[in-house]
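Engineer: Fold the following and give me the result.
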Amino acid sequence: VSFDNTPRRSFEDARILSDKGSKEVVATFKESLKAAMHYESCCLHRGGAQNDDRFIIVNAWNEWAEGMTLEPSDVYGRQFLETVRGVKKEIITDGCTSRVSQQSSALEGIEKDLDPPSAFDAIAPYHYKPAFVEAHIMEKLIDWGWNQANRKVSGCSIWTTKEVTAGNGLYAALNSFRAELKTYHQAIEEYRPLGSEFNIIKALRASQPNEPHKICDSLRIHPDGLDHFFPSKQLSFAPRVGYIEPLTTPMRHPDFCFDTSDRKALMDMRYMVHDFEHMCRNLQPTTRLVLIDLGASLSYHDGEQEVDADEPPILYLLRLYQKFGFRFDHIYGYEVTFKAPNEVYEKLLPVEWMPAYHWINVGVSAEKGHTRNPLDSILRSYEEEDFVVLKIDIDSSDVELPLVHQLLEDDSLLRRVDQLYFEHHVKFKEMAPIWRSAMKGSLKAILFDLAHFWP
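Structural biologist: So this is what the prediction gives:
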């Protein structure tokens, strides 16, 4: 809290490490204790600790001679003890509401200003709970050099080299998750929807008033839910969307780390986890389903590189949502590269999405309030009860990052977005040959995206 050993030393030899007023000292103590308790409860021991293994040491109860005391005093009264009680109650009540944004200020990385600020604080109302692997990566990222914007830093060694993560369980957890992904996506492929025209909103409208979300049970791909497919429990959780894959490298399917020349693994979308049953339970009969696609490639990068995959990523995503009855009412496709409308609507766009698709063949602006800023001109026109998917892949950090900043800094916008997909072009070795000059920022920035990584 403070340090003042004048009672044990002459005044000239004494050390005083805090000369703040009592209110500032108590406020600093509260913030420090809150960060420590959150880390201990939500990161260090998440999912595996016994209750008697969990404690925090505070120095000190009655070290009067050095000015460090929690015991009631004339100067502070009972403020320290009341702060301990209050912080404990807050952690128990709020759950794992992350405070990583405050920790991030201590990370000394190159190009720090490129990282979206206060991302975890921005989603505090959602009580985001990171998986063990995600929390542990946050703890170790400086040791691995992930706070440095350096294209020689490896993002794949945590997957492929056991020694990098020796002794902490991360290597085993990551590779268990990798194996579990295959089982999960096999079940997704085998899932049979309730008819080819199944529409979840229409089904909700037709539901019995006393069981409006009973239809959501049909979206469960196994009787035990997603826990059946992920016994390692390496899924993160957000109340609005349910379980999602943890934020980690390679920002692609983990198979890519084991063969970086494999273009099929590069574009393999089967690293994402979607909890459609949970998302369904947050829908209402009046909900509108909206997709805002910034960087709307209906073909692969306009032929700039060879990619081995069955269809463009956005079409895969649309088919996935449609399979579970999520049929978008509006799809806004922004693309700066000119495409003739007849080519878009007659050759590239599947006819089933024709009624919902809006082709906007102009560049996106990051300027707040601009008519070409989709966050202001389109997203604001929808309500929190609507289901909005936002995909950002513009291949320009000068536009992408300000939009992400705007989203995270404006709670009225953030609350309107249910699912975010973002290709964040940070610097790391395995993607350097592909992203080249588009790379900016360090790997630590990806831990603040709170999004599905887009391929």
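
Engineer: quick one, phi/psi of residue 15?
Structural biologist: When read as degrees, to the nearest 10, the backbone of residue 15 gives phi -120, psi 130.

Engineer: wait, doesn't it sit right on residue 3?
Structural biologist: Yes: at 6.5 Å, residue 15 and residue 3 qualify as touching, with contact defined as C-beta atoms under 8 Å. For every residue, glycine as well, the C-beta is placed using N, CA and C.

Engineer: What lies in contact with the helix ranked longest in the chain?
Structural biologist: Secondary structure of the chain per DSSP state H: the longest helix is helix 170-190. For helix 170-190, the external contacting residues (C-beta atoms under 8 Å, 6 or more residues apart in numbering) are 132-133, 136-137, 140, 158-159, 161-162, 164-165, 221-222, 226, 229-232, 234, 245-246, 248, 253-255, 270-271, 273, 320.

Engineer: which residues does residue 315 contact?
Structural biologist: Per C-beta under 8 Å, 6+ apart, neighbours of residue 315: 298, 350.

Engineer: From residue 203, how far off is it?
Structural biologist: Separation of residue 315 from residue 203 (C-beta to C-beta, to the nearest Å): 24 Å.

Engineer: Let me know the secondary structure of residue 420.
Structural biologist: Recorded secondary structure, residue 420: strand (DSSP: H, G, I helix; E, B strand; the rest coil).

Engineer: What residues of the helix or strand that contains residue 404 count as buried?
Structural biologist: When elements are assigned from DSSP states H and E, residue 404 belongs to helix 397-409. By 16 or more other C-beta atoms under 10 Å, the buried positions in helix 397-409 come out as 397, 399, 400, 401, 402, 403, 404, 405, 406, 407, 408.

Engineer: Would you list the phi and psi of residue 357?
Structural biologist: According to degrees, to the nearest 10, residue 357 has phi -90, psi 130.

Engineer: Quick check: it touching residue 333?
Structural biologist: Yes: shown here, residue 357 and residue 333 form a contact pair, counting by C-beta under 8 Å, at 6.5 Å.

Engineer: Please list all residues in contact with the residue nearest to residue 215 when sequence neighbours are not counted.
Structural biologist: Nearest residue to residue 215 in three dimensions, chain neighbours excluded: residue 203, at 4.5 Å (C-beta to C-beta, 6 or more residues apart in numbering). Contact analysis of residue 203 by C-beta under 8 Å, 6+ apart lists 194, 215, 325.

Engineer: what helix or strand is the last one on?
Structural biologist: Residue 325 belongs to no helix or strand when elements are defined using DSSP H and E.

Engineer: do the same with the first one
Structural biologist: For residue 194, there is no host helix or strand (DSSP H and E).

Engineer: And for the closest residue to it other than its chain neighbours, the neighbour number?
Structural biologist: With sequence-adjacent residues excluded and distances taken as C-beta to C-beta, 6+ apart, residue 194 is closest to residue 218, at 5.8 Å. Residue 218 has 17 neighbours, counted by other C-beta atoms under 10 Å.
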